[in-house]
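Enquirer: Predicted coordinates and the sequence they were generated for:
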Amino acid sequence: MSKPWIHIIGAGVSGLSLASQLAQYEDLPGTIKISDPNLDRAKSQTFCFWFNEEESAWLKPEYSWPKWRLSNGQDEHVHHGHQYKYGMVSGERFRQSALKTIAEHPQIELVQEWLLDQPSAEHVFDSRPPHLEEFYIKQSFIGFEIEGTHNYDLNQVALMDDLSFAYGGLRFRYVLPITATRLLVEYTLFTAQIVNLDNFEQECRLALDEDCPFDYKHLRLEKAHIPMGLRGEINSWGIPIGTRAGMCRDATGYGFVEMQRWAKLASQQLIAHNRVKAYHNPRLRSWMDTCLLRLIEHRPELSPQIFMELARFLSGDQFAQFMMRCHLKDAFSMMLKAPKKSFILSAMGKPQWI
């Protein structure tokens, strides 16, 4: 039996995105195999992102909001995006769409299996999640999708509510008003420590009872650790993709759009030239993100203030660009308006002097 043209390890967002992009081509140079021991991995997740009008056609958000809020218990800043809106795609919808596209292509096979060694293929893409010890900063969260007995009457996303210093890092509440009665409520930590999610979940259930003004029923639970930066190169079987390749933004953890964008470009390169460039973060963005991560690691008690100041000085569109995918001009604009002393000392490698 001839070896596959492409072997994708992992049926998460990055693996399914690459496979479904390649499935757009009727005649592939060879077969594609996708291996994952848990084919339902993406089912219980929620993917959120900022998008403009041009991106709406290919990201296809299920829900969107033009406003988002940051608060620290004393002050709040509400952003209104003009070019950008905040959008959401459910893991179930993304997964079903990708699996349908893949299943319709005769040259693509999805297999439920563990791999003990690097598979043999012309191109191998490795999307296995890195180990927690390899995360620079851990974004750990517990999310509850709930259905209330009354209308919540919310018209904006509580992006980072009740920002505070906890667990040796940054803690906040995130509320997504999916419908008038259905909410996604997440409690999130940015910290260098490894947080026990089971213990954190118990604390969050109590917090949810206090925060929710009406009776409600639980619809779904999601929890995870998302890497905010990786400590050095990670050994991979072939070309790393997804979180393993650093496609989640170091400073924020957002990665869904970046994975879609890379998958589209990679599929074009593979079809046209039978080769693909490995993913690399732009240097300026990596440097800027490192400055922020150093502050979270060494001066975590300043993190709530820093995010509040960013929300205060940046417009809604500038903040959206910072959170997702800064370009050169956006990075300079952010640095000019950000808390200068904090970022300058962090850039010098001296966050402890702040």
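Expert: In hand now; what should we look at?
Enquirer: ok, now how distant is the nearest residue to G255 once chain neighbours are set aside from G87?
Expert: Leaving out its chain neighbours, the residue that sits closest to G255 by CB to CB, 6 or more residues apart in numbering is C248, at 3.4 Å. (Each C-beta comes from the backbone N, C-alpha and C, glycine too.) From C248 across to G87, the span is 17 Å (CB to CB, to the nearest Å).
Enquirer: The residue nearest to G255 in helix, strand or coil?
Expert: Secondary structure for C248, judged by DSSP: H, G, I helix; E, B strand; the rest coil, is coil.
Enquirer: where do the strands sit along the stretch 1-150 of the chain?
Expert: Assigned by DSSP state E, counting those that start in this stretch, the stretch 1-150 of the chain shows strands spanning 6-9, 32-36, 46-51, 63-65, 67-71, 76-80, 85-90, 108-112, 123-126, 135-148.
Enquirer: could you redo these as CSV and give each row mean pLDDT?
Expert: Formatted as CSV, these follow (pLDDT from 0 to 100):
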stretch, mean pLDDT
strand 6-9, 98
strand 32-36, 97
strand 46-51, 96
strand 63-65, 97
strand 67-71, 97
strand 76-80, 96
strand 85-90, 97
strand 108-112, 96
strand 123-126, 98
strand 135-148, 96
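Enquirer: Tell me which of those is the most buried.
Expert: Highest mean neighbour count of these: strand 6-9, a mean of 26 (counted as mean count of other CB atoms under 10 Å).
Enquirer: Return the list of helices and strands in contact with that strand.
Expert: helix 13-22, strand 32-36, strand 123-126 (3 or more CB pairs under 8 Å, 6 or more residues apart in numbering; DSSP states H and E).
Enquirer: how near is the residue nearest to G255 to E62?
Expert: With CB to CB as the criterion, C248 and E62 are 21 Å apart.
Enquirer: Redo the strands of the stretch 1-150 of the chain as JSON lines? Include distance to H280.
Expert: As requested, these are exported to JSON lines (distance: least, CB to CB, whole Å):
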{"stretch": "strand 6-9", "distance to H280": "20"}
{"stretch": "strand 32-36", "distance to H280": "24"}
{"stretch": "strand 46-51", "distance to H280": "21"}
{"stretch": "strand 63-65", "distance to H280": "30"}
{"stretch": "strand 67-71", "distance to H280": "29"}
{"stretch": "strand 76-80", "distance to H280": "30"}
{"stretch": "strand 85-90", "distance to H280": "26"}
{"stretch": "strand 108-112", "distance to H280": "27"}
{"stretch": "strand 123-126", "distance to H280": "15"}
{"stretch": "strand 135-148", "distance to H280": "17"}
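Enquirer: Would you check that R95 makes contact with S17?
Expert: No - taking CB atoms under 8 Å as the definition, R95 is not a contact partner of S17, at 11.0 Å.
Enquirer: Comparing the two, which residue is more hemmed in?
Expert: Of the pair R95 and S17, S17 is the one with more neighbours under other CB atoms under 10 Å, namely 25 against 21.
Enquirer: Need the three-state assignment for the residue nearest to the more buried one when sequence neighbours are not counted.
Expert: Leaving aside its chain neighbours, S17 sits nearest to A263 (3.8 Å; criterion: CB to CB, 6+ apart). Following three-state DSSP, A263 is assigned to helix.
Enquirer: Please identify which of the strands of the stretch 1-150 of the chain is closest to S315.
Expert: strand 76-80 (7.4 Å; CB to CB).
Enquirer: Name the strands paired with the closest one and say parallel or antiparallel.
Expert: Strand 76-80 has the following strand partners under DSSP bridges: strand 67-71 (antiparallel).
Enquirer: ok, residues contacting the partner strand?
Expert: 76-81, 86, 155-163, 307-308, 311, 316 (CB atoms under 8 Å, 6 or more residues apart in numbering).
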